[in-house]
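[1] Prediction below, plus the sequence it came from.
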Amino acid sequence: MNSEKIYGLILSGGKSTRMGIDKGMIDYHGMPQREYLYKLLKTLCHTTYMSVREEQVPEFSQEYNLIVDRNEYKGPYNGLLSAHHLNPKASWLVLACDLPLIDQTALKELIRERDCTKLATAFATEESGLPEPLCAIWEPEGLEKSVAYLNAGNGSCPRKFLINGDIHLVVPQNEEVLLNANYKEDYEKVLMKLS
């Protein structure tokens, strides 16, 4: 049976190679993005964690709950499944650091629309209809099945797993919240929107 509680997880252990600088350290809202998202989820989730690489640990004060990547899987699944290992019964609201326009209104919408009988509840745009795996609530069963999916050699893309799974898609009222800032041009576009 799935828990009503939702745990928050900020994925900040990526290497940000396309942006050229750590996306978690970019300041869109008066503080590093990873800290902004952490504080946002802290207001909505039972407990919130920051997913990090081992070498990032000294960058954080004791104010932050950290989950160090176990390096058992590649890409975003590294952080996702490190969190699942910590608490296999938890449902995780997962956010990537490259979502500078995500806000409390959108996250409340995602939580309100959550269907805990599915593997995950994920945001999607009307146009693409594709799940955003790093702006989603992953249920324990979805993460457990992900392990089997990865171990079967199906690749390491969480979106592909969700596309083929029994999930619930939610189109946010303001689709701009799903803007991914992966490149310098995206960063400048976001700054213009926020000004």
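    Okay, I see it.

[2] going forward, measure contacts and count neighbours with C-alpha atoms only.
    OK.

[3] Count the neighbours of Leu11 for me.
    28 (other C-alpha atoms under 10 Å).

[4] Make residue 1 into 35 and carry on from there
    I'll keep to 35 as the first residue from here, and by that count the last item is Leu45.

[5] can you give me phi and psi for the closest residue to Leu213 other than its chain neighbours?
    Distances taken as C-alpha to C-alpha, 6 or more residues apart in numbering place Leu133 nearest to Leu213, at 6.1 Å, with adjacent residues excluded. Taking degrees, to the nearest 10, you get phi -120, psi 70 for the backbone angles of Leu133.

[6] so Leu133 makes contact with Ala215?
    Yes: judged on C-alpha atoms under 8 Å, Leu133 makes contact with Ala215 at a distance of 6.4 Å.

[7] how much distance is there from the helix or strand of the chain with the lowest mean pLDDT to the middle of the chain?
    One helix or strand of the chain scores below all others by mean pLDDT, DSSP states H and E: helix 218-228, with a mean of 88. Distance of helix 218-228 from the chain centroid (C-alpha atoms, centre = their mean, to the nearest Å) equals 20 Å.

[8] Then stretch 126-133?
    2 Å.

[9] next one: stretch 93-101
    Distance of stretch 93-101 from the chain centroid (C-alpha atoms, centre = their mean) equals 17 Å.
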